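In: Let's see this in three dimensions:
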Amino acid sequence: MSNWIVVFEAANSLEAHTLKGALESRGMAVQLKGEALSGALGELPMDVARVTLLVQANDWQQAREFIQGYQQQGGRSWRCRQCGEENDASFEVCWQCGSGPEGPER
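Out: Numbering: from 1, shown residues only. Below is the predicted model of the structure:
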């Protein structure tokens, strides 16, 4: 039996990798499933090409809490205090200057 449990289905590869990096930065191992299907877009329905994030069973609760926080952000963007760049809600650090969580103003 596998120790990997589904924690989230991302809408696309970019969202999946963003969340994967955020979870890994918190010390969790993450696997992505279904990423190879993105090459078949146009041939398959969009919901089939979703990328699934899996975590170890012992990390599931912590990962789920993080994912719920992510979902509650509801697409609110934020402006970086360091460089002033507008960032999508899914970014934890500024894409322009890399300013950490203490830098952005949400």
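In: thought Arg76 was touching Ala89?
Out: Yes: counting by C-beta atoms under 8 Å, Arg76 does reach Ala89; the two are 5.0 Å apart. Quick note: C-beta positions are derived from backbone N, CA and C, even for glycine.
In: which of those two has more neighbours?
Out: Ala89 (14 against 9; other C-beta atoms under 10 Å).
In: Without its sequence neighbours, what residue ends up closest to Phe91?
Out: Nearest residue to Phe91, sequence neighbours excluded (C-beta to C-beta, 6 or more residues apart in numbering): Thr18, at 7.1 Å.
In: The one you found: which element?
Out: Secondary structure from DSSP states H and E places Thr18 in helix 13-24.
In: Now do the helix or strand just after that helix: everything it contacts.
Out: Next in sequence after helix 13-24, counting helices and strands by DSSP H and E, comes strand 30-33. The contact list for strand 30-33 (C-beta atoms under 8 Å, 6 or more residues apart in numbering) reads 4, 16-17, 19-20, 23-24, 51-55, 63.
In: Arrange those residues in JSON lines, one row each, with pLDDT and distance to Leu32 as further columns.
Out: Rendered in JSON lines, the data for the contacts of strand 30-33 read as follows (pLDDT from 0 to 100; distance: C-beta to C-beta, whole Å):
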{"residue": "Trp4", "pLDDT": "96", "distance to Leu32": "11"}
{"residue": "Ala16", "pLDDT": "92", "distance to Leu32": "5"}
{"residue": "His17", "pLDDT": "93", "distance to Leu32": "8"}
{"residue": "Leu19", "pLDDT": "93", "distance to Leu32": "9"}
{"residue": "Lys20", "pLDDT": "95", "distance to Leu32": "6"}
{"residue": "Leu23", "pLDDT": "95", "distance to Leu32": "11"}
{"residue": "Glu24", "pLDDT": "96", "distance to Leu32": "11"}
{"residue": "Val51", "pLDDT": "92", "distance to Leu32": "5"}
{"residue": "Thr52", "pLDDT": "95", "distance to Leu32": "7"}
{"residue": "Leu53", "pLDDT": "97", "distance to Leu32": "6"}
{"residue": "Leu54", "pLDDT": "97", "distance to Leu32": "8"}
{"residue": "Val55", "pLDDT": "98", "distance to Leu32": "11"}
{"residue": "Ala63", "pLDDT": "97", "distance to Leu32": "13"}
